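Engineer: No letters, just coordinates:
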């Protein structure tokens, strides 16, 4: 039986300028995947070495349903544009704070530096030393401030929250709970750790990778080994 009690785990990761990832709850683990696979033919654990080899076999051969019996629940705080990319991962459960029920806080993402469009990747961007970031950040900050001022004035005039929020940009921070099984989480990490994923969501994926690897070290090791084999 696998023992992770003494494993050092960090479950809260501050991200970007005001965001975070926090592990709220966790059910299952590597052993749960092993047991769920063996139950198919009435089997039980055959010791750590053989159990680890079984996880490698399951991942290598696409037998992924046993990993659906392990579930992570996260609390996420991120800019809306990150959340909209995130929620394309549909095999999961989401509950997001509602700007219909609560007033939005003055919390918006400010990038450390702007990037330029990647000419070879239509959806990508590249770091650039030639941009006047000081000037660009002033333009950006002025736009953010104007939108929040407009939002506040609309509320004071009696406009409903569900309509006043329409003037706010996608840089606004939102929060949601995300419950996802390990199989779907591996798919998320495959896509969102990729170099073509947007920088901001990659920071969240990297934090989640750390949490996943602490909670399911056998699975993560086998997953990385498989990816290295595919790349080689």
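Structural biologist: Alright, I've got the coordinates. Keep in mind the model is a prediction, meaning the values are calculated, not measured. Numbering: from 1, shown residues only.
Engineer: For whichever strand or helix holds residue 223, which outside residues touch it?
Structural biologist: Assigned by DSSP states H and E, residue 223 belongs to helix 217-231. With CB atoms under 8 Å, 6 or more residues apart in numbering as the test, helix 217-231 has contacts from 2, 4, 7, 30, 33, 51-52, 55-56, 59-60, 67, 182, 186, 190, 209, 212-213. Just so you know, the C-beta spots here come from the backbone N, C-alpha and C atoms, and that holds for glycine as well.
Engineer: any idea of the mean pLDDT in it?
Structural biologist: Averaging the model's pLDDT scores along helix 217-231 yields 94.
Engineer: Next: stretch 173-185.
Structural biologist: Per-residue scores along stretch 173-185 average to 98.
Engineer: what comes into contact with it?
Structural biologist: Defining contact as CB under 8 Å, 6+ apart, one finds that stretch 173-185 is touched by 18-19, 24, 28, 33, 64-65, 67-80, 83, 86, 89, 91-97, 105, 107-109, 188, 208, 212, 216, 219.
Engineer: now stretch 124-134
Structural biologist: With CB under 8 Å, 6+ apart, stretch 124-134 has contacts from 113, 114, 115, 116, 117, 118, 196, 198, 199.
Engineer: For the fifth one, which non-adjacent residue is closest in space?
Structural biologist: In other words, residue 117. residue 125 (6.1 Å; CB to CB, 6 or more residues apart in numbering).
Engineer: neighbours around that neighbour, how many?
Structural biologist: Neighbour count of residue 125, defined by other CB atoms under 10 Å: 13.
Engineer: what number of residues lie near the closest residue to residue 38 other than its chain neighbours?
Structural biologist: In space, residue 38 comes closest to residue 44 once its chain neighbours are excluded; the distance is 6.2 Å by CB to CB, 6+ apart. Using other CB under 10 Å, the number of residues around residue 44 comes to 8.
Engineer: quick one: the strands in the protein?
Structural biologist: Secondary structure of the chain (DSSP state E): strands at 12-15, 19-27, 71-79, 93-96, 115-117, 125-127, 173-181.
Engineer: got a markdown table for the ones you listed, with distance to residue 166 too?
Structural biologist: Listed next are the strands of the chain as a markdown table, based on distance: least, CB to CB, whole Å:
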| stretch | distance to residue 166 |
| --- | --- |
| strand 12-15 | 27 |
| strand 19-27 | 23 |
| strand 71-79 | 17 |
| strand 93-96 | 17 |
| strand 115-117 | 27 |
| strand 125-127 | 27 |
| strand 173-181 | 15 |
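Engineer: Most tightly packed of those strands?
Structural biologist: Among the strands of the chain, strand 71-79 has the highest mean neighbour count (mean count of other CB atoms under 10 Å), at a mean of 21.
Engineer: Quick one: residues in contact with that strand.
Structural biologist: 15-16, 18-28, 83, 86, 108-109, 170-182, 185, 200-201, 204, 208, 211-212, 215.
Engineer: Off-centre distance for that strand?
Structural biologist: 7 Å (CA atoms, centre = their mean, to the nearest Å).
Engineer: In space, what's closest to residue 154 - neighbours in sequence excluded?
Structural biologist: Excluding its sequence neighbours, the residue lying closest to residue 154 (CB to CB, 6+ apart) is residue 164, at 4.0 Å.
Engineer: Give me the sheet partners of the lowest-mean-pLDDT helix or strand in the chain and which way each runs.
Structural biologist: In the chain, no helix or strand scores lower on mean pLDDT, DSSP states H and E than strand 125-127, which sits at a mean of 90. Strand 125-127 has its sheet partners listed here by DSSP bridges as strand 115-117 (antiparallel).
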